[in-house]
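>>> Show me how the following folds:
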Amino acid sequence: MTAAVAIAALAAAVFAATAFGTGAVRRLLLGWAVLDHPNARSSHAVATPRGGGLAVVPVVLAAWLAVALGVVPTHREAVFVCTAAAVLAAVSWMDDLRGLSAAFRLGTQAAAVALVLAAAPLPGPVFAGWLPAPLDVAAAGLLWLWFINLFNFMDGIDGIAGVETATLGLGVAVVAAIAGLGLGLPLFGLVMAAAALGFLVWNWPPARLFLGDVGSIPLGFLLGWLLLHLAASGQPVAALILPLYYLADASITLARRTMRGARPWQAHREHFYQRAVQAGVGHGWVVRRVLAVNMILMALAALAALGHGGAALAAACVAVGILLMVLAPPKRVAAGPRSGSHDPPGKEP
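Presented below is the predicted three-dimensional model:
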């Protein structure tokens, strides 16, 4: 079996396992009555099962471990990453079921980040040597912690988390391949993309299942590690470009809310993509535009990997700026009917 065929077989197996596993988990969640019920801050109108991560995360972790232990043994640090992600999934599942304090959730995430950075150091500085080594590690940890939470914050309408996971995973794979970073990162990224596509079978608008914190928290953790690893391997600009829409939407929204005195942890519907849905467009309309811009960001990240970082980053900022204006122009009149996905109470800033 050639390498290309083996890689295609891996991707197909991950896609199939996730798609079939998610369907099975959905039936269990319906039987257990683990549902997201609509509320004043929701973006959906019908009670929908929450917890699709129970299928997605185990498939991803199993595939990553198979790659790390069997295919690319030079990436055995991924064992520590997968172990921490499994712990975060367990804690997040408890949070989905009965709710945990924000301090406990954040403390668990911070401990997972710190332990992985200590037990499995990144291959180089994340910030291109601009910071002393201890500060570089500390800043990388804080950035990773913020990414985990912003990924969770942005999982508020049908399909958006699946599309982001698929494009980030594929983008990491493409950039790592162009930069000649070996087989590990491309395979890890491809696994993330294939699993996300399998989940989208059930989560594409109108969603029949939501990811839940059991999915969004560990997936944000794994994607954050991939992006930090990419940056520490000499591709910091590409690692910034790939998630730029998520970074911009979540960070700008949090900054606006903080400036007017809102509590960071209070649930809301003020992200750019949520404002677009409130203005009357469908979830699919928003997600297709996010997908289009993410494909542009992927191409620009590849351009950065080829040595044109400055021009690629400038073009990426323009593309994301246009998307934000399209999603939520200042004078757009709200409010169409709600449909589709979720915005769990108490989880977003």
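>>> what about Thr258, neighbour count?
Look at Thr258: counted by other C-beta atoms under 10 Å, it has 12 neighbours. Bear in mind the C-beta positions are built from the backbone N, C-alpha and C, glycine included.
>>> no wait, Leu324
19.
>>> Please determine how far the residue nearest to it when sequence neighbours are not counted is located from Ala138.
Excluding its sequence neighbours, the residue lying closest to Leu324 (C-beta to C-beta, 6 or more residues apart in numbering) is Phe272, at 5.1 Å. Distance of Phe272 to Ala138, computed by C-beta to C-beta, to the nearest Å: 30 Å.
>>> can you pull out the strands in the chain?
35-36, 48-49 (DSSP state E).
>>> low-scoring stretches of the stretch 201-349 of the chain, by residue?
Low-confidence segments of the stretch 201-349 of the chain (pLDDT under 70): 264-267, 329-349.
>>> Please, where are all the helices along it?
Applying DSSP state H, counting those that start in this stretch to the stretch 201-349 of the chain gives helices spanning 213-232, 236-241, 244-259, 272-278, 283-305, 309-327.
>>> most packed of the ones you listed?
Stretch with highest mean neighbour count among the helices of the stretch 201-349 of the chain: helix 213-232 (a mean of 27; mean count of other C-beta atoms under 10 Å).
>>> What helices and strands are in contact with it?
helix 53-66, helix 78-98, helix 102-119, helix 133-153, helix 160-178, helix 184-203, helix 236-241 (3 or more C-beta pairs under 8 Å, 6 or more residues apart in numbering; DSSP states H and E).
>>> now that helix: how far from the chain's centre is it?
Taking C-alpha atoms, centre = their mean, to the nearest Å, one finds the center of helix 213-232 at 7 Å from the center of the full chain.
>>> if you skip the residues just before and after it, what's nearest to Arg26?
Leu209 (4.7 Å).
>>> give me the number of residues near that neighbour?
Leu209: 25 neighbours (other C-beta under 10 Å).
>>> returning to that earlier point: make CSV from the helices and strands packed on helix 213-232 and add distance to Leu223 to it.
Below are the helices and strands packed on helix 213-232 laid out as CSV (distance: least, C-beta to C-beta, whole Å):
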stretch, distance to Leu223
helix 53-66, 10
helix 78-98, 10
helix 102-119, 13
helix 133-153, 7
helix 160-178, 5
helix 184-203, 7
helix 236-241, 11
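>>> Which among these is found nearest to Gly284?
The closest of the helices and strands packed on helix 213-232 to Gly284 is helix 160-178. By C-beta to C-beta, the value is 10.4 Å.
>>> Taking helix 53-66 as reference, get the angle to the closest one.
On the basis of axes from the mean of the first three to the mean of the last three C-alpha atoms, to 10 degrees, helix 160-178 is oriented at 10 degrees to helix 53-66.
>>> what angle do helix 160-178 and helix 244-259 make?
Angle, helix 160-178 to helix 244-259, by the same axes, to 10 degrees: 130 degrees.
>>> still on that earlier bit, can you flag the weakest of the strands of the chain by average pLDDT?
Of all the strands of the chain, the minimum mean pLDDT falls on strand 35-36 (a mean of 88).
>>> who does it touch, helix- and strand-wise?
Using 3+ C-beta pairs under 8 Å, 6+ apart, strand 35-36 sits against strand 48-49.
>>> partners of the strand it packs on, with directions?
Note on strand 48-49: by DSSP bridges, its sheet partners are strand 35-36 (antiparallel).
>>> just how off-centre is the partner strand within its chain?
21 Å.
>>> And for stretch 318-325?
On C-alpha atoms, centre = their mean, the centre of stretch 318-325 falls 19 Å from the chain's centre.
>>> same check, this time on stretch 97-107
19 Å.
>>> for stretch 152-169, same thing?
That offset, for stretch 152-169, works out to 6 Å (C-alpha atoms, centre = their mean).
>>> end-to-end on it?
Stretch 152-169 has an end-to-end distance of 17 Å (C-alpha to C-alpha, to the nearest Å).
>>> do stretch 302-309 as well
9 Å.
>>> Show me what that stretch is in contact with.
Contacts of stretch 302-309 with the rest of the structure, by C-beta atoms under 8 Å, 6 or more residues apart in numbering, involve 174-175, 178-179, 235, 237-238, 241, 311-313.
>>> Now render these as a markdown table, adding distance to Gly261.
Formatted as a markdown table, these follow (distance: C-beta to C-beta, whole Å):
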| residue | distance to Gly261 |
| --- | --- |
| Val174 | 42 |
| Val175 | 40 |
| Ile178 | 45 |
| Ala179 | 44 |
| Gln235 | 39 |
| Val237 | 35 |
| Ala238 | 37 |
| Ile241 | 33 |
| Ala311 | 39 |
| Ala312 | 37 |
| Leu313 | 33 |
